[in-house]
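Asks: no letters, just coordinates:
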């Protein structure tokens, strides 16, 4: 099953949640304006199962950020095995974690607009969507509490990130992190089996790896985080990025005004975002 | 003027916002359950000015966290001039920032409960309470957007903080950071003039400094943060801690089960919190 937040062509100001069980998109009830809304509704799987109001592809104006209102967006760094080993580092004992905000997020085809003209870098990531209240969850409880998976690009302002020892201020610039285009529910996708994850800049592939390279997999990360802070439906966990970021190139390479960043995860879809130096 | 969130003795399940203009506490309207609620209400200063329903001290069961619902709690590290210089470091060019959550916060007399039995350390801090929407604010706009000031103790799990390069996971343990007991409005308090800030453990003073030692003062921090992410009424900015934390002692010293942590800022009040290893 896929879940999404869309805008309809006749009514472009109103967002609606939709679901696709394999037979095309169906509208969810009008009071549910996003996947965030849906996941906070008790018994959401039944609500989804009951929908039969089909919406044709050509009625959809755009796919929006499916999860506009997470209370927590927690990101992991240094989490792709192959990349860590090729850098000559040891595999980490603990996940490296930092925070973004709902304000940081944009939709799957929105512009990445920045006024700081910083050293913008790409970081294609698989994102975990939380579906239950999780507090000190075991790995099994964490797995059961995952609603599904989506794609993100943890766009990073490398100069701000390196101004101090803490990455946060380079990672939490408003409206710079695309999310979407859909959430694929956990029963339909298994990242442990290895999903191809890629990032391209102006059609040149710069990252190409597989989610079977994650040191801390999705359930590990969710369980670990829930050991110190509660996770709730609609919260997001970004699982880290594979090798191939611009900062690691010789010479380092950053995004420019007009660059098109394409981020894909097999079985979920593609984000396409243009960089705009505002 | 002072603002607070209290529980009344006859109705200990319902929190109420109160204000004190110098003549004792007055109840704010029943639909306003906290200072968070109040600050999100347009024209809150007028609402406060109109209240005359006095509440006697002996009717108050407890002072609660005045700000239970900030969307953003952003903290600064390495920000006390004297302490940085005595450590032989240069004054920083940029503030070091990291995030906590509303879930991290507790009230001014709540227990600091932890199940991880970690290396708990104290960090007395002046906290800035945001009163306006701030987006790329100048220093002057930031100053005008400050609703007031409160006290916090950025209780830190030093072992978790040092598991990786990013401090976040040692700083964001649920229900470990006390806030309160009141918010003093910005017209009534000027941290630039130097407010004494202290922390004591079991009545032994361990931190004793002044807010005139801040490298980045309150308006600087608020302006800087608003340059990358919007701040809104009720958000909190913790301004950093002076020298005297347990980690810096020889040998290092950490909090134990039953320790009482007392955190004071001149002109605001005192937090008194007992550590409980649950």
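Replies: Looks like it arrived, so ask away. All values reported here derive from a predicted model rather than from experimental measurement.

Asks: ok, how many other residues are close to residue A:76?
Replies: 27 (other CB atoms under 10 Å in any protein chain shown). C-betas here are computed from N, CA, C, even on glycine.

Asks: tell me the contacts of the residue lying closest to it once chain neighbours are set aside?
Replies: Sequence neighbours aside, residue A:240 is the residue nearest to residue A:76 in space, at 4.4 Å (criterion: CB to CB, 6 or more residues apart in numbering or on different chains). Going by CB atoms under 8 Å, 6 or more residues apart in numbering or on different chains, residue A:240 touches A:75, A:76, A:77, A:78, A:79, A:80, A:125, A:214.

Asks: which element, helix or strand, includes residue A:240?
Replies: Assigned by DSSP states H and E, residue A:240 belongs to neither a helix nor a strand.

Asks: hmm, back to that, would you list the contacts of residue A:240 in a markdown table and tack on pLDDT and secondary structure?
Replies: Shown next, in a markdown table, are the contacts of residue A:240 (pLDDT from 0 to 100; DSSP: H, G, I helix; E, B strand; the rest coil):
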| residue | pLDDT | secondary structure |
| --- | --- | --- |
| A:75 | 98 | strand |
| A:76 | 98 | strand |
| A:77 | 95 | strand |
| A:78 | 93 | coil |
| A:79 | 97 | coil |
| A:80 | 97 | strand |
| A:125 | 98 | strand |
| A:214 | 98 | strand |
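
Asks: among those residues, which ones are buried?
Replies: Buried by 16 or more other CB atoms under 10 Å in any protein chain shown: A:75, A:76, A:77, A:78, A:79, A:80, A:125, A:214, out of the contacts of residue A:240.

Asks: nearest to residue A:180 among those?
Replies: Nearest to residue A:180, judged by CB to CB, of the buried ones among the contacts of residue A:240 is residue A:125 at 12.5 Å.

Asks: and the closest one, what are its bridge partners?
Replies: Counting by DSSP bridges, residue A:125 is bridged to residue A:152.

Asks: my guess is residue A:138 meets residue A:220, correct?
Replies: No - applying CB atoms under 8 Å as the test, residue A:138 and residue A:220 come out as separate, 11.0 Å apart.

Asks: which of those two has more neighbours?
Replies: Neighbours were counted for residue A:138 and for residue A:220 using other CB under 10 Å; residue A:220 has more, 18 against 12.

Asks: out of everything not next to it in sequence, what's closest to that one?
Replies: That would be residue A:139: by CB to CB, 6+ apart, it lies 6.6 Å from residue A:220.

Asks: burial measure for the closest residue to residue A:257 other than its chain neighbours, as a count.
Replies: Counting by CB to CB, 6+ apart, residue A:257 lies nearest to residue A:277, which is 4.0 Å off, once chain neighbours are set aside. Look at residue A:277: counted by other CB under 10 Å, it has 16 neighbours.

Asks: next one: residue A:277 from chain B, what distance?
Replies: 15 Å (CB to the nearest CB, to the nearest Å).

Asks: what stretches of the stretch 151-278 of chain A score poorly on pLDDT?
Replies: For the stretch 151-278 of chain A, applying pLDDT under 70 flags no range at all.

Asks: how about the residues of it near chain B?
Replies: Within reach of chain B by CB under 8 Å from any CB of the partner chain, the stretch 151-278 of chain A has these residues: A:157, A:160, A:163-169, A:172-174, A:227-230.

Asks: swap in 7 Å and give it another go.
Replies: A:160, A:163-169, A:172-174, A:228-230 (CB under 7 Å from any CB of the partner chain).

Asks: which ones are touching the residue nearest the centre of chain A?
Replies: Most central in chain A under CA atoms, centre = their mean is residue A:152, positioned 3.0 Å from the mean C-alpha point. Counting by CB atoms under 7 Å, 6 or more residues apart in numbering or on different chains, residue A:152 touches A:125, A:127, A:177, A:178, A:179, A:238.

Asks: quick one: the helices in the stretch 51-200 of chain A?
Replies: A:81-86, A:139-144, A:158-161, A:168-171 (DSSP state H, counting those that start in this stretch).

Asks: can you redo those helices as JSON lines with mean neighbour count and distance to residue B:31?
Replies: Output for the helices of the stretch 51-200 of chain A, formatted as JSON lines (neighbours: other CB atoms under 10 Å in any protein chain shown; distance: least, CB to CB, whole Å):
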{"stretch": "helix A:81-86", "mean neighbour count": "15", "distance to residue B:31": "53"}
{"stretch": "helix A:139-144", "mean neighbour count": "16", "distance to residue B:31": "37"}
{"stretch": "helix A:158-161", "mean neighbour count": "18", "distance to residue B:31": "40"}
{"stretch": "helix A:168-171", "mean neighbour count": "25", "distance to residue B:31": "35"}
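
Asks: so which of those comes closest to residue B:207?
Replies: Per CB to CB, nearest to residue B:207 of those: helix A:168-171, 24.4 Å.

Asks: not counting its neighbours along the chain, what's nearest residue A:90?
Replies: With sequence-adjacent residues excluded and distances taken as CB to CB, 6+ apart, residue A:90 is closest to residue A:84, at 7.7 Å.

Asks: try residue A:158
Replies: Per CB to CB, 6+ apart, closest to residue A:158 is residue A:119, 4.1 Å.

Asks: is the one you found in contact with residue A:254, as I believe?
Replies: Yes - between residue A:119 and residue A:254 there is a contact under CB atoms under 7 Å: 4.5 Å.

Asks: identify the contacts common to these two.
Replies: Listed contacts common to residue A:119 and residue A:254 are residue A:158; contacts here mean CB under 7 Å, 6+ apart.

Asks: if you go through the stretch 51-200 of chain A in chain order, where are the strands?
Replies: Along the stretch 51-200 of chain A, counting by DSSP state E, counting those that start in this stretch, strands occupy A:53-54, A:60-64, A:73-77, A:96-100, A:105-106, A:112-114, A:120-121, A:124-130, A:146-153, A:156-157, A:177-185, A:196-201.
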